[in-house]
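> below is the structure, and that's it, no one-letter string:
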């Protein structure tokens, strides 16, 4: 099968998200004059080591975008399997200014390097300063780049000096309404590592 996106795919559901998967979920927390906000974004990833930088994309002009434009900061909270349903609850369309932390019963903690709340029990949180917000093609498509200025690691997830994802089992997005959970890690040395 081959199709051009502009012509449509002819399938009952768009396969694009299923092709580009699994995708880590950035559970983005922000604050602004309308209050605190917490929302999951499945177009999220790390993009540079030094300085550490991340990106996430927003398909729609949402409260997260308004808040980070206002304050210049956001936090990326990593989603563990135990918080799967709670993370999903924060994706609900709610009236502007509604605090998803409160609606979903998520405990907040203060960030250290930025003025923004974070998910208190997250296995890891990346505190970020906005580098750029880029408007992409299409209606209300934005990509946000941030520099990581602080990192929180939950103590039980650091084992032998390494951040061990099997201690919390991160959730990732597939296509359609599908997700996956990381339960197995396979180590493979690169040719230049030998």
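That came through, no problem. Every value quoted in this text rests on a predicted model; they were computed, and no experiment measured them.
> please tell me how far residue 156 sits from residue 124.
Distance, residue 156 to residue 124, by Cβ to Cβ, to the nearest Å: 12 Å. In this view, the C-beta of every residue, glycine as well, is placed from N, C-alpha and C.
> ignore the last one, residue 2
Distance check for residue 2 against residue 124: by Cβ to Cβ, it reads 40 Å.
> where does the chain have low pLDDT?
Applying pLDDT under 70 to the chain flags residues 194.
> find the centremost residue of it, please.
Nearest to the mean C-alpha position of the chain, counting by Cα atoms, centre = their mean, stands residue 26 at 0.7 Å.
> tell me the contacts of the closest residue to that residue other than its chain neighbours?
Sequence neighbours aside, residue 44 is the residue nearest to residue 26 in space, at 3.2 Å (criterion: Cβ to Cβ, 6 or more residues apart in numbering). Taking Cβ atoms under 8 Å, 6 or more residues apart in numbering, we find residue 44 in contact with 23-26, 28, 54-57, 76.
> tally of neighbours for residue 107?
Close neighbours of residue 107, defined as other Cβ atoms under 10 Å, add up to 11.
> sorry, wrong one. I was asking about residue 45.
Residue 45: 11 neighbours (other Cβ under 10 Å).
> quick check: bridge partners of it?
residue 55 (DSSP bridges).
> my guess is it contacts residue 55, does it?
Yes. The criterion here is Cβ atoms under 8 Å, and residue 45 meets it with residue 55 at 6.2 Å.
> about what we covered before: these two touch, right, the residue nearest to the centre of the chain and residue 58?
No. With contact defined as Cβ under 8 Å, residue 26 does not reach residue 58; the gap is 10.5 Å.
> anything in contact with each of those two?
residue 41.
> the closest residue to residue 113 other than its chain neighbours in helix, strand or coil?
Using Cβ to Cβ, 6+ apart and skipping residues adjacent in sequence, the residue nearest residue 113 is residue 150, 3.6 Å away. Classification of residue 150 by DSSP: H, G, I helix; E, B strand; the rest coil places it in strand.
> residue 150 bridge partners, please.
residue 127.
> list the contacts for it?
Shown in contact with residue 150 (Cβ under 8 Å, 6+ apart): 111-114, 126-127.
> which residues are in contact with the nearest residue to residue 18 once chain neighbours are set aside?
Distance criterion Cβ to Cβ, 6+ apart; nearest residue to residue 18, sequence neighbours excluded, is residue 175 at 2.5 Å. Shown in contact with residue 175 (Cβ under 8 Å, 6+ apart): 13-19, 21.
> need the buried ones from the residues you listed selected in ChimeraX.
In ChimeraX, this line selects whichever of these come out buried by 16 or more other Cβ atoms under 10 Å:
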select :17,21
